[in-house]
Structure formats: structure tokens, C-alpha cells
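A.B. asks: Fold the following for me, if possible:
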Amino acid sequence: MGNSNAMSQSVVSKRQKSLPLEIPVLLNKDYSSSSPRSPSLSKLKSPKSPLKGFLKISSAQSTPRDSCSLVLFPMCRSGDMFDSQTLKHKTQRIKPVNFIETIQQWTSLTKITPLFNSDEDSLSAKNLNASICCHKNVCIVIKTEDNDLIGCFHQDVILPSKQNVNQKSCSNEFFIFSYNKNFSQKMEMKEKGKNHSITIHKNSETNFVFSVYSAFWILSDGTINIHPALKSVFKIPKNVVDPLIKNSFVKSTKITNLMAFEME
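C.D. replies: Just a heads-up that it's a prediction; the model follows:
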């Protein structure tokens, strides 16, 4: 009986070791030798089944989410989440090692679970809403043609939009960010709690996909536009001309991918 248990544990141990650890680094660049080579943003897939730690709507996926009725699913597939030692945030503007370590520093959260990937689902308000509403600690990441990353982090539960009405969602802990090969920048609002953080557009919306208050908005044609009031609402160093995207205040920018994931 003891030998049988030992053999069973050995098989499980080997099986666990053989499972790949999916580290969703969003820029397919060279990093330090201590970090493993990781897939690009487009290769990170959204989960097809419930995972541990997911707060999921109990209603059908095909219907609009009008309430945050949450069900906790206990099952987990090994390798679907990335976990590492908690990193403490020291500075806002830093030379990046990789995107995942940077966002972990800013949030003090280490587990990452994909919710939405525009490479798999069409870019629309309805599809994005169905993936992020009623989740908390949600990070939205947009990749541009120049491989720059910009996005936002929303700590509190994202409220779903009601039928034919946009929903303004607020969070006590909220920030936007930019990340590229040269530097990373975290930007918080000057007056926390005074304004809403994001807008969840109604499911019937065909033009707008996602909007951040006084920061940027994303359209279904695959472009992102930067709000002209960005510098007046967010804490941005005076010497920074283009805090998110170069020349973004005068023209829209083409994006290649939009991704959302939940952190814990």
C-alpha cells in the first residue's frame, strides 16, 4: 500500500513538473539571463474554463450582465497563473526588466489570470464587458504598432453597464501606465475619488470599446486616442511631453492587441 502511494505521488510530481509555466511577458524582447524566454502578448490565451480565484457571473454568457452575482470556482489548471515573490514598488519611473515584474511592483499582486485577448475575440464593447465586468484587480493592456504598452489598473469590482446605458466605474486604487523598452511610468489621478475611473460602454455600442476618464479611449476600428486633459487630471512630471504615446495628442494611434487580466 505504501509503495502504491509513493508511486502515485511520483507520477503526480513528474506530471506537475512537465506542465509549462506560462509567463505572460507582453513584449517579445530580450531580458536578463535570469528570466526565462517568454511568449509575446498575442500568444497568451484567455482561459476556456473556470480557474481558481475567478469571480464569474452566474448568469449565461450570452446575456447582458446586469448584476454582479458572483460564483467562486475552486478548480484550477496548473500553469494558468503566474506566481512569483512579491516585489515592492520603489520608484514610479524605472528601467523595466519585463512588464510582468513591473506591474507586480506597482500593485503588490503576483498571480495573473487572463480574461480577454483581442487576438481571440473581436474588439468590441460587448466582448470586453463580458470578460471584465464583476471582476476586481483588473489590468487592461494595449499594445501599439511600435510595441509600446499602455493601460490601466482598476482595483475595485468593475460594475457592468445596464441596457442601453453606459456605466461609470470608480476605484479607490486606480492608475494608468506606459511601458516600453526605455522606461515605465505609473500615473495616478491628482484628486483620488473625485472623478470616476473608467467607462463601461453599453453592449450595443459599435464605436467605442473602452474609455478611461480624461486619459484615453479605444475604438472598434483598432485605434486609441489620448484625451487632451490627461496632464491636468493625472500626476505627470513636467518634463514628460508624451506620457503615453509619442505624438498621441495630435493623432490617433493604431493598436495591435488589447488584453485584460485579473490579479491577486
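
A.B. asks: Next up, phi/psi of residue 107, please.
C.D. replies: Main-chain torsions, residue 107, degrees, to the nearest 10: phi -110, psi -20.

A.B. asks: same check, this time on residue 188
C.D. replies: phi -100, psi 160.

A.B. asks: Pull the number of nearby residues for it.
C.D. replies: 15 (other C-beta atoms under 10 Å). Yep, even glycine has a C-beta here, placed from its N, CA and C like the rest.

A.B. asks: per-residue confidence at it?
C.D. replies: In this model, residue 188 is scored at 89, pLDDT.

A.B. asks: Could you do residue 179 as well?
C.D. replies: In this model, residue 179 carries a pLDDT of 88.

A.B. asks: Show me the beta-bridge partners of it.
C.D. replies: Legend: beta-bridge partners of residue 179 under DSSP bridges are residue 149, residue 184.

A.B. asks: how close does it sit to residue 117?
C.D. replies: From residue 179 over to residue 117 the distance is 18 Å, taken as C-beta to C-beta, to the nearest Å.

A.B. asks: Comparing these two, which residue is more hemmed in?
C.D. replies: Each of residue 179 and residue 117 has its neighbours counted (other C-beta under 10 Å); residue 179 has more, 24 against 21.

A.B. asks: How much space separates that one from residue 222?
C.D. replies: 20 Å.

A.B. asks: again with residue 106
C.D. replies: Residue 106 sits 27 Å away from residue 222, going by C-beta to C-beta.

A.B. asks: Which residues are in contact with residue 106?
C.D. replies: Taking C-beta atoms under 8 Å, 6 or more residues apart in numbering as the criterion, residue 106 is in contact with 89, 153, 175, 177, 186.

A.B. asks: PyMOL command to pick out the buried ones of these?
C.D. replies: The buried subset of the contacts of residue 106, as determined by 16 or more other C-beta atoms under 10 Å, is captured in PyMOL by this line:
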select buried, resi 153+175+177+186
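
A.B. asks: Tell me the buried residues in stretch 227-239?
C.D. replies: Quick answer for stretch 227-239 (16+ other C-beta under 10 Å): 227, 230-231, 233-234, 236.
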